[in-house]
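1. quick one: sequence and predicted model below, then my questions.
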Amino acid sequence: MKTTIKIYQIALLVWLLMVSIAVAQEQHCDDCGISRAEIEAHPEPDVTALRYDERVLHDRAYKQVIGRIDIYDAPNGNILRSLDAGFNFLTSINSVDGWTEVNQGEWVKTEHLRNSNGVISYFTGVLLPEEPLPYTMAWLLVNLYPSKTPGGEPNEAEYPLTYRYTRVYIYDMVEIDGWRWYQIGVDKWVHQTQVAKVQPIERPEGVTTERWIAIDLYEQTLIAYDGDTPVFASLIATGLPRWPTREGIFNIYWRRLREDMSWGTPGDDFYYLEEVPWTMFFDEGRAIHGAYWHDGFGYRRSHGCVNLSITDAKWLFEWVAEGMGSRASADIEEGPNVYVYSSGEYQ
């Protein structure tokens, strides 16, 4: 009997603790958040999303390579070279009887290829207005149900599912247990890890070009500036901890409409990517470019490069080309500054 009473007492204490935490959170939020009237006056960011073009997104047939392959000079012909297993993608131009031509006079067995055009991202960044936005804009990074209070559980009963890449305003912020919770609507709150914020900055010392690009590694966002005015913003995917995108001030020094990229050690981190679109190199082998092999923008996932959606990469490439007066790159050129920094630290 004593054991039963003790278990009951422990359970009661746990329940009371949980209730007290919930009440504390509710009380903590009594005066947080802005009014319904203010939110309804500014319901969503007043920005202009870029338009994607199917012809640009799918002007190549992208194929992921499965395993190690041999490349032949013709169907059933002679082996020209081999491609080690890794994260490899080729572009195809012709198919005949179980064979795929990946470059002029280069053929591989079709059975080793998998169509990857289905993963091409339709996400696009936005053109920013001349006047600063009244609140900080952000993109949702996941599909979610907002919480009714900061620190609360997702409220599926009252709110519809809000989709990834939705643009929102951050109206207010509350910190709980070292984490920030953002108000994105009337009684709607999300955890800081669920959004990527667009935070314009002052021109850093050392940035000297009229047009320049700021890359925030913490928020995984990019902002393009004309003078001191932010004109474009988007989500990016930068380097993983093992292959970081380095902080500092750089210059775009070489540009290519399409560039083959390869790096790493076979059996470990090897990759080969054909015809990477809208490529602009700024730090040794690191480049800003379009990515046709993933739709994971807002998260680190590269080998040091700065990945954009194809639509965004094209816009940024053309914007840089306009400022430099040419789409063609010199062997070495002093293009716009690229300022890479981190607005926070990962926990």
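-> Done, it's in.
2. distance of the residue positioned nearest the centre of the chain from residue 240?
-> Centroid-nearest residue in the chain: residue 297, 2.1 Å away (criterion: Cα atoms, centre = their mean). As judged by Cβ to Cβ, to the nearest Å, residue 297 and residue 240 stand 14 Å apart. (Glycine included, C-beta is placed from N, CA and C.)
3. residue 33 against residue 182, yeah?
-> No - counting by Cβ atoms under 8 Å, residue 33 stays clear of residue 182, with 10.3 Å between them.
4. helices of the protein, start to end?
-> 2-28, 36-41, 54-57, 310-324 (DSSP state H).
5. rank these by pLDDT, which is bottom?
-> Ranked by mean pLDDT, these end with helix 2-28 at the bottom, a mean of 45.
6. next, the contact list for residue 306, please.
-> 215, 222, 236, 237, 238, 245, 286, 287, 288, 289 (Cβ atoms under 8 Å, 6 or more residues apart in numbering).
7. and the closest residue in space to the third one that isn't next to it in sequence, how many neighbours?
-> The reference is to residue 236. Nearest residue to residue 236, sequence neighbours excluded (Cβ to Cβ, 6 or more residues apart in numbering): residue 222, at 4.9 Å. Using other Cβ atoms under 10 Å, residue 222 has 25 other residues around it.
8. I'd guessed residue 222 sits against residue 233; true?
-> Yes - counting by Cβ under 8 Å, residue 222 does reach residue 233; the two are 6.8 Å apart.
9. can you map out the strands along the stretch 151-300 of the chain?
-> For the stretch 151-300 of the chain, the strands defined by DSSP state E, counting those that start in this stretch occupy 167-170, 172-176, 179-185, 188-191, 195-198, 211-216, 221-226, 229-235, 248-251, 254-263, 271-283, 286-290.
10. between those strands, which one is nearest to residue 100?
-> Proximity to residue 100 (Cβ to Cβ) singles out strand 271-283 among these, at 12.5 Å.
11. other SSEs contacting that closest one?
-> In terms of contacts (3 or more Cβ pairs under 8 Å, 6 or more residues apart in numbering; DSSP states H and E), strand 271-283 is packed against strand 87-92, strand 248-251, strand 254-263, strand 286-290, helix 310-324, strand 337-341.
12. and residue 107, how far is that from residue 65?
-> On the measure of Cβ to Cβ, residue 107 and residue 65 end up 13 Å apart.
13. next: residue 218.
-> Applying Cβ to Cβ to residue 218 and residue 65 gives a distance of 34 Å.
14. can I assume residue 148 is in contact with residue 155?
-> Yes - using Cβ under 8 Å, residue 148 is in contact with residue 155, at 4.9 Å.
15. these two: who's more crowded?
-> Per other Cβ under 10 Å, whichever of residue 148 and residue 155 has more neighbours is residue 148, with 18 against 15.
16. please report how far that one lies from residue 166.
-> 18 Å.
17. how about residue 115?
-> 29 Å.
18. and the two? Which one has more around it.
-> Taking other Cβ under 10 Å, residue 115 and residue 166 do not tie; residue 166 has more neighbours (15 against 11).
19. dump the residue contacts of the more buried one.
-> Contacts of residue 166 (Cβ under 8 Å, 6+ apart): 139, 140.
20. okay, it and residue 311: tell me how far apart.
-> Distance of residue 166 to residue 311, computed by Cβ to Cβ: 17 Å.
21. and for residue 208?
-> For residue 208, the distance to residue 311 - Cβ to Cβ - is 29 Å.
22. swap in residue 110?
-> From residue 110 to residue 311 the distance is 29 Å (Cβ to Cβ).
23. what about these two, which has more around it?
-> When residue 110 and residue 311 are compared for neighbours, residue 311 comes out ahead with 24 against 16, by other Cβ under 10 Å.
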